[in-house]
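*Asks:* Everything below, folded, please.
(chains A and B)
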Protein chains: 2
Amino acid sequence: MSEVELTALREKIRDITKRMIILLSERNRVSKAIGEVKRRMNLPVLDEGVEVSLEREVVRLCAELGVNERTGLKLLHTILEDSRRIQGYSEGGARVTPGAVAAKARRLAASGKAVIRLDIGEPDFRPPRGVISSCIGALRRGRTHYTDPRGIPELLSALKDYLYEEYGCSLDTSNMMITPGGRFAVFAAISAIMREGESALIIEPCWPAYREILEFAGCRTISVPTSIEDDWDPDLEKIKEAIRESTRAIIISYPSNPTGKIISRELFRGILEIASDRGLTVISDEVYNGYAYKDCPSVLEFNNENFILTSSFSKTWAMTGFRIGYAVSDGKTIERMLRVSSAALTCVPEFIQHAAIAALESRREAERNREIMKRRVDIAFTEISEDPHIKVYKPDGAMYLFPVSEKPGFDSNRFAEELLEKWHVAITPGTGFGDYPRAFRISLGQSEDQIIEGIRRIREALK
Amino acid sequence: MSEVELTALREKIRDITKRMIILLSERNRVSKAIGEVKRRMNLPVLDEGVEVSLEREVVRLCAELGVNERTGLKLLHTILEDSRRIQGYSEGGARVTPGAVAAKARRLAASGKAVIRLDIGEPDFRPPRGVISSCIGALRRGRTHYTDPRGIPELLSALKDYLYEEYGCSLDTSNMMITPGGRFAVFAAISAIMREGESALIIEPCWPAYREILEFAGCRTISVPTSIEDDWDPDLEKIKEAIRESTRAIIISYPSNPTGKIISRELFRGILEIASDRGLTVISDEVYNGYAYKDCPSVLEFNNENFILTSSFSKTWAMTGFRIGYAVSDGKTIERMLRVSSAALTCVPEFIQHAAIAALESRREAERNREIMKRRVDIAFTEISEDPHIKVYKPDGAMYLFPVSEKPGFDSNRFAEELLEKWHVAITPGTGFGDYPRAFRISLGQSEDQIIEGIRRIREALK
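*Replies:* Below is the predicted model:
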């Protein structure tokens, strides 16, 4: 009896599956027709409004029919993705990432040209002496083995103390994990909490990595743009409006790369409140917290439940090439992030974890780095402000300037190319950080002399 | 006119989307009914046969209707995943991974117990002297910066020479990339060539990482089991039969972890030919090639087009805690893998890349490590073979034994637990490597004395 029943039910499944594929092919035909109409009417392929309303419809229908919402949204996004492909949409074509500029600058430098590198986000400082000697000591003592994926207990405990001193928050080591760099912390965060087809908000301009990682995870990036006219302050109403049914996270990062902005405690709290109301996780990337020139809030200071802090040893202690960072969140989220990191790479090199302990103790060096960077920010700001067509926000933190040219016809992609080829100065066009074709990023990771000479050439080239 | 047209077409899209969700809910109802029948009949939730025939149906229908095959398969797998969820299926519940054993052994050791660690796949050798001094030298020279995601040119060039000497194959540096460990090389390979819902073949027993990474990527793992009765040789016919419409890759790894098997050149070629006939990529994980005690083929020696070699410095040069490995493939695939690695983590620490150059030059140390390991394999094999109820394959390579107990009622999960708690010896149960509840893995990463004592206790416990 049951055998017969099972065969009949399976026949039904087969039939329903077929009908779904047939619907998909119908949908593709309609989608192709829409693509043609859009071409005729000169409309862009991507219509966010249509996607948002479809999402809403799907979520409503799923609730009504008792279908798992995440499955419904995933199905929707699989077919939306196919529609975009059919209509010939490709994401982020015009974006020039810092990585691409760096590769070009390296090639030029390799051909013997003395290029002033105001592109890469890497301080020229040496790591603290204690970091190097700690790393060497650990190598000599044979600290060259696998460790727990979370990190070695000594480092976790030192980090716990450090975060308590910095932000007054009592954490447990179960709230933390060590990662190979801040980028991997963001990667693990997104991989742990988001599924394909879901979306996250980013406040642009921002580090291109967020978009890259979201794309890698098959997730949609929803941009909330800010402008220099508003002093790069995000608008809470715009954030609220941008949230979709599929949205799971808001990614923020202050001090900001590229603008140097630090938002007020009130605004920070406002973002956390929106996230909390809508059940979203706030991923707060605080990689530049060591370079703050005014009071700088951390997500750790608020009593927010749903957050992931990502950070790194790279900037504060000039340890970019050590590839070590960390993440802080609730124990359950960290467990999920640990699964990502265990799957992808086991652990951070043992002796590098020992070097990181020394970094946490190198307060004086961190303070010195901050002071030097502040001086550079002041000088660079004064220099670039001389240009009458340039508008620039005076950085509250980080290690960049993000000037905007008001000259008609200015195109930062073209400008960056010309500047590199003719003037041998590398900068990153604004399009790497969002829809900012009139802006460009100057990194202050070089010596004062280099910065002054670089900006002199930038001003010449701007003429 | 066009506006009206667009609105009408969009209405159609909305309607089709709705109908798909309604079909999904119908499908769920049927799926639930199937789950109930299965429970009544005591059938397992997962029916591979049904899934395979659905895949075939979908691919046929996609071709007929001009639907993108990958989209069709992805849609199918989204709904199959939901069905499995509805029927209460959970993957890999009983698997005990080496990582889980290691965590338990570490806890026991931390409580003061002297545990013999025959679980972790890590040689107790120290890295070559030149590796340490090279790493220290690079640290002192300030080699602590970001590098090209592919790796530093000096290391790529040294690797190119090394692979030429080892396998006589002429590669270009565009065919290579440096990764933070062999695991990340596999991770990048799978992420680069596979999409959610697709599947890969693995030959079990094997390193659990393949399954973990495939699961992380939302892909299905298709196991092709081998048995000690066949000397762990895979059966080409079984491989052919296991390939599905959604299959994109075959993952192999010889010398094998855990069996120590090296397959013949003919069998290796046979696998490559099947892959080539069916348009699949062969991912050949050759991390134990430095520990081969007989002729060991590499994927680089065949004229196969569609392959990714993954390897590591961890085992050959005892550099586990350095987290450095590499991948070799065609230029286009490496480009795609570089995108994964750029998204997730920028690059491998610069000074560690310098250490790796020294490793490639440490031929003598590699040879010495191989000789010591061979001796351990011989001794351990003789010792464990004394047990009349144990069947064990004499390893051709690698650093493990994978004995199978023929005692009735033997359960390796229970045995491993008892062995650790009562006898303070850590091993890994066979279930970590596939469906092998009668087998367990003994790692030979410890000194001869420890191995002999450990096996003595294992034999006592087996009684």
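*Asks:* alpha carbons only for contacts and neighbour counts from here, please
*Replies:* Will do.
*Asks:* can you list the residues of the stretch 251-400 of chain A near chain B?
*Replies:* By C-alpha under 8 Å from any C-alpha of the partner chain, the residues of the stretch 251-400 of chain A that approach chain B are A:319-323, A:340, A:343-351.
*Asks:* Tell me the one of these nearest A:Glu3?
*Replies:* Of all these, A:Glu3 sits closest to A:Ala343, with 40.3 Å by C-alpha to C-alpha.
*Asks:* what's around the closest one, how many residues?
*Replies:* One way to gauge burial is a neighbour count; for A:Ala343, by other C-alpha atoms under 10 Å in any protein chain shown, it gives 24.
*Asks:* Same question for A:Arg141.
*Replies:* Count around A:Arg141 with other C-alpha under 10 Å applied: 10.
*Asks:* coming back round to it: so which of the residues of the stretch 251-400 of chain A next to chain B sit within helices?
*Replies:* Among those, the members falling in helices (DSSP state H) are A:Val340, A:Ala343, A:Ala344, A:Leu345, A:Glu350, A:Phe351.
*Asks:* Name all residues that make contact with the first one.
*Replies:* Yep, that's A:Val340 we're talking about. In this structure, A:Val340 makes contact with A:Ala188, A:Ser191, A:Ala192, B:Phe216, judged by C-alpha atoms under 8 Å, 6 or more residues apart in numbering or on different chains.
*Asks:* just the helices in the stretch 1-150 of chain A please.
*Replies:* A:2-41, A:48-65, A:69-86, A:98-110, A:129-140 (DSSP state H, counting those that start in this stretch).
*Asks:* Tell me which other helices or strands the fourth one touches.
*Replies:* Under the contact definition 3 or more C-alpha pairs under 8 Å, 6 or more residues apart in numbering or on different chains; DSSP states H and E, helix A:98-110 sits against strand A:425-426.
*Asks:* re earlier: which pair of the residues of the stretch 251-400 of chain A next to chain B spans the longest distance?
*Replies:* For those, with distances taken as C-alpha to C-alpha, the pair at the greatest spread is A:Met319 and A:Ala343 (25.1 Å).
*Asks:* Contact partners for the residue in the stretch 201-350 of chain A positioned nearest to chain B?
*Replies:* Nearest to chain B in the stretch 201-350 of chain A, going by C-alpha to the nearest C-alpha, is A:Gly321, at a distance of 3.8 Å. When contacts are counted by C-alpha under 8 Å, 6+ apart, A:Gly321 touches A:Ser314, B:Arg143, B:Thr144, B:His145, B:Tyr146, B:Thr147, B:Val348, B:Pro349, B:Glu350, B:Phe351.
*Asks:* Mind doing that once more with 6 Å?
*Replies:* Each residue near A:Gly321 by C-alpha atoms under 6 Å, 6 or more residues apart in numbering or on different chains is listed here: B:Thr144, B:His145, B:Tyr146, B:Pro349, B:Glu350.
*Asks:* now A:Asn413
*Replies:* The contact partners of A:Asn413, by C-alpha under 6 Å, 6+ apart, come to A:Pro429.
*Asks:* Quick check: buried residues in the strand or helix carrying it?
*Replies:* Assigning secondary structure by DSSP states H and E places A:Asn413 in helix A:412-423. Of the residues in helix A:412-423, those with enough neighbours to count as buried (16 or more other C-alpha atoms under 10 Å in any protein chain shown) are A:Ser412, A:Asn413, A:Phe415, A:Ala416, A:Glu417, A:Leu419, A:Leu420, A:Glu421, A:Trp423.
*Asks:* how big is the angle separating that helix from helix A:98-110?
*Replies:* Computed with axes from the mean of the first three to the mean of the last three C-alpha atoms, to 10 degrees, the direction of helix A:412-423 lies at 10 degrees from that of helix A:98-110.
*Asks:* okay, the nearest residue to A:Ala209 once chain neighbours are set aside: pLDDT?
*Replies:* Ranked by C-alpha to C-alpha, 6 or more residues apart in numbering or on different chains and with sequence neighbours excluded, the top spatial neighbour of A:Ala209 is B:Ala343, at 6.7 Å. The predicted local distance difference test score for B:Ala343 is 92.
*Asks:* likewise A:Glu122?
*Replies:* 89.
*Asks:* what's near enough to touch it?
*Replies:* A:Gly445.
*Asks:* From A:Leu309, how far out is it?
*Replies:* 21 Å (C-alpha to C-alpha, to the nearest Å).
*Asks:* And the contacts of the helix or strand bottoming out on mean pLDDT in chain A?
*Replies:* When the helices and strands of chain A are compared on mean pLDDT, DSSP states H and E, helix A:98-110 comes out lowest with a mean of 79. With C-alpha under 6 Å, 6+ apart as the test, helix A:98-110 has contacts from A:Val115, A:Thr428.
*Asks:* buried set for that helix?
*Replies:* Counting neighbours by 16+ other C-alpha under 10 Å, one finds that the buried residues in helix A:98-110 are A:Pro98, A:Gly99, A:Val101, A:Ala102, A:Ala105, A:Arg106, A:Leu108.
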